[in-house]
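*Asks:* Just to be clear, the model below is a prediction. Sequence and coordinates:
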Amino acid sequence: MQQSLGGWLKHGEYSELIVDYVAGTLDARMELEFQKHLECCDGCWNAVAEQRAVWAALDEFRSQPISPDFDRRLFQRIAEADNGGRWSWRALISSR
Amino acid sequence: MTPDLIELEAPPLGPRLAQEAAQPSWGARVNYSRAAPRPIQQVRDRDSELMLRVRDGDQRSFELLLEKHRGPMIHFLHRMVRNDAVAEELTQEVFLRVYRSRGNYECCAKFTTWLFRIGTHLALNWIRDERNEKWQTSLDKETADGTSRQVPDRRKTVEQELLYQAKLGEVRQAIHSLPAKQRAAVMMHKYEEMEYAQIAGVIGCSESAVKSLLFRAYEALRVRLAHMA
């Protein structure tokens, strides 16, 4: 049975706020409400800790640098697609 | 402080949060800065203006859009397909399609919603494509014009690289255990900082469906990655 723990939302509704709370996108009123709930709910407390760990782990997943010839290859393809067009892609290809 | 952050007065803490706040590491993980409420999305954003100029034949505007969105798109696609070369090729295809579609461009959504819709569509197709292994092999050999692919220089010490790769491998594995749509939603939410409504616009579903996708995705990631805390 859902119960109200620490405030005016039902427990299931609090658990839906975990992602936004950790992402920092809750508005001030909801954040305060959620923090009151955290004081008395072990489930959400632990879930917040785990979500923070996920958030930090995802920060590690930074992607690779872009190949230095990325633009040249793109402009080459556009120039081929735009054969006879009025844009000067050829000049861009040689400048990259 | 970046322009989109506002400092808020810290709310009063309960004993549990106050105890955690007293720990030295707490400040690094929690602060009371948060993104200011984002303004209501205007259909005609700056990028859409640039795209309209591209439609009218302004090459420089295309270059500006490429400059701004090339990186985020490659990174998004890299996380989706887990292959550097494929991510770059798909990004090339995204911008090629942007260029080819310029004549029909209508400013009916935020530019990034349109751009990521193209990218997500290509990524989901690639993931579904049974022939991707063949494509991957051919990309490893050479580029279409016969020249060798230039590999980005990313020097790290061996030890740094090993540690990084171990952690990264685990994160990648966890992300790739997610169904493709959940994965796309997480990438847009976490890395592109898109709101639910915009993600819904990209994926083509309701906002509540996006919330549900993300809820399930993060729940699955918590099971797999919580030990990394």
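*Replies:* Cool, the structure landed.
*Asks:* before we move on, what SS does B:Val86 have?
*Replies:* Here B:Val86 is helix, with the state taken from DSSP: H, G, I helix; E, B strand; the rest coil.
*Asks:* Give me the number of neighbouring residues for it.
*Replies:* For B:Val86, the neighbour count with other C-beta atoms under 10 Å in any protein chain shown is 19. Using the backbone N, CA and C atoms, a C-beta is placed for each residue, glycine as well.
*Asks:* Dead centre of chain A: give me the residue that sits there.
*Replies:* Closest residue to the average C-alpha location of chain A: A:Ala23 at 8.1 Å, with C-alpha atoms, centre = their mean.
*Asks:* how close does that one sit to chain B?
*Replies:* Distance of A:Ala23 to chain B, given as C-beta to the nearest C-beta, to the nearest Å: 8 Å.
*Asks:* check contacts around that residue.
*Replies:* A:55, B:189-190 (C-beta atoms under 8 Å, 6 or more residues apart in numbering or on different chains).
*Asks:* Do you have the helices of the chain handy? List them.
*Replies:* I'll assume chain A. Ranges of helices in chain A, per DSSP state H, are A:11-15, A:18-23, A:28-38, A:42-59, A:70-81, A:89-95.
*Asks:* switch to chain B, that's the one I care about
*Replies:* B:15-22, B:26-29, B:46-55, B:59-81, B:84-100, B:111-128, B:132-141, B:158-176, B:180-190, B:196-203, B:207-225.
*Asks:* mind listing what the residue lying closest to A:Phe70 once chain neighbours are set aside touches?
*Replies:* Nearest residue to A:Phe70, sequence neighbours excluded (C-beta to C-beta, 6 or more residues apart in numbering or on different chains): B:Glu88, at 6.3 Å. B:Glu88 sits next to A:66-67, A:70, B:74 when contact means C-beta under 8 Å, 6+ apart.
*Asks:* per-domain residue ranges of chain B.
*Replies:* As assigned by automatic domain parsing, chain B contains the domains B:40-144, B:155-229.
*Asks:* lowest-confidence stretch among these?
*Replies:* Per-stretch mean pLDDT for the domains of chain B is lowest at domain B:40-144 (a mean of 84).
*Asks:* Would you mind listing the buried residues in stretch A:45-52?
*Replies:* A:45, A:47-48, A:50-52 (16 or more other C-beta atoms under 10 Å in any protein chain shown).
*Asks:* what's the span of stretch A:31-51 from first residue to last?
*Replies:* End-to-end distance of stretch A:31-51: 16 Å, with C-alpha to C-alpha, to the nearest Å as the criterion.
*Asks:* Please compute how far that stretch lies from its chain's middle.
*Replies:* Remark: stretch A:31-51 is offset 21 Å from the chain centroid, using C-alpha atoms, centre = their mean, to the nearest Å.
*Asks:* what's the answer for stretch A:30-45, then?
*Replies:* Distance, stretch centre to chain centre, for stretch A:30-45: 23 Å (C-alpha atoms, centre = their mean).
*Asks:* so, in contact with chain B or not, it?
*Replies:* Yes. Counting by C-beta under 8 Å from any C-beta of the partner chain, chain B has neighbours in stretch A:30-45: A:31-32, A:35-36, A:38-39, A:45.
*Asks:* these two touch, right, B:Ala109 and B:Gly201?
*Replies:* Yes. At 5.9 Å, B:Ala109 counts as touching B:Gly201 under the criterion of C-beta atoms under 8 Å.
*Asks:* Contact partners for B:Asn104?
*Replies:* For B:Asn104, no residue meets the contact criterion (C-beta under 8 Å, 6+ apart).
*Asks:* farthest-separated two in the contacts of B:Glu88?
*Replies:* Maximum pairwise distance among the contacts of B:Glu88 (C-beta to C-beta): 9.1 Å, between A:Ser67 and B:Ile74.
*Asks:* Between those two, which is the more surrounded one?
*Replies:* B:Ile74 (24 against 18).
*Asks:* if we can go back for a sec, closest one to A:Leu74 among the domains of chain B?
*Replies:* For the domains of chain B, proximity to A:Leu74 was assessed by C-beta to C-beta; domain B:40-144 is nearest, at 5.2 Å.
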